[in-house]
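Asks: next comes the sequence, and after it the predicted model I'd like to discuss.
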Amino acid sequence: MQIGVETAKAVDQRRVFVVDEDEITRAALQFMLHDEIETHELTSPEEAYAKGVDWLKPDVVLLGVSFLRSRGPGLIGELIAKFPGVRILVVTDRSNEATAVDAMKAGAHGAVVKPLTLEGVRQKVDTILGRGGAAPLIQLSVMK
């Protein structure tokens, strides 16, 4: 384990699926979270659906904004239907904030805005899971 990792969080039996087309973003998010939560990198929603059968359902999906740009906000409803009770955070940059807002209107629970930081990502995931270390879920300039 790394310095600064809370043992109670590391054994809390929660699961995050990082679903993003960008390999670097997936790897960065997996690296930031894997010490405190079971984290899986997936390249598409379809890969997530295949992996998330039976006991391997995610508690949180970190969804790359590129999927929302190509498939529309209906993807949020699809994820919620496949994984009842899942919490969805859209991973976006400033240039795609409007797409993230549309996703939240469709049922996403918040957004993680790039540039990604270890503390920021962990705080967002803790918040969405109702764990200690909570942070505001939305920090989008278009929401101000």
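Replies: Sure thing, it's come through.

Asks: what's across from the residue nearest the centre of the chain in the sheet?
Replies: Centroid-nearest residue in the chain: residue 62, 1.8 Å away (criterion: Cα atoms, centre = their mean). Residue 62 has these beta-bridge partners by DSSP bridges: residue 18, residue 89.

Asks: so where's the protein uncertain?
Replies: Low-confidence segments of the chain, defined by pLDDT under 70, are located at 1-12, 132-144.

Asks: how close does the nearest residue to residue 128 once chain neighbours are set aside sit to residue 120?
Replies: Leaving out its chain neighbours, the residue that sits closest to residue 128 by Cβ to Cβ, 6 or more residues apart in numbering is residue 87, at 4.5 Å. Bear in mind the C-beta positions are built from the backbone N, C-alpha and C, glycine included. As judged by Cβ to Cβ, to the nearest Å, residue 87 and residue 120 stand 17 Å apart.

Asks: now residue 101
Replies: Per Cβ to Cβ, residue 101 is found 19 Å from residue 120.

Asks: who has more neighbours out of those two?
Replies: residue 101 (19 against 16; other Cβ atoms under 10 Å).

Asks: tell me the secondary structure at residue 16.
Replies: strand (DSSP: H, G, I helix; E, B strand; the rest coil).

Asks: pull the contacting residues for it.
Replies: Residue 16 is in contact with 33, 37-40, 58-62, 125, counting by Cβ atoms under 8 Å, 6 or more residues apart in numbering.

Asks: next, format the residues you listed as CSV and append distance to residue 112.
Replies: Shown next, in CSV, are the contacts of residue 16 (distance: Cβ to Cβ, whole Å):
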residue, distance to residue 112
33, 11
37, 14
38, 18
39, 14
40, 17
58, 15
59, 16
60, 11
61, 12
62, 7
125, 9
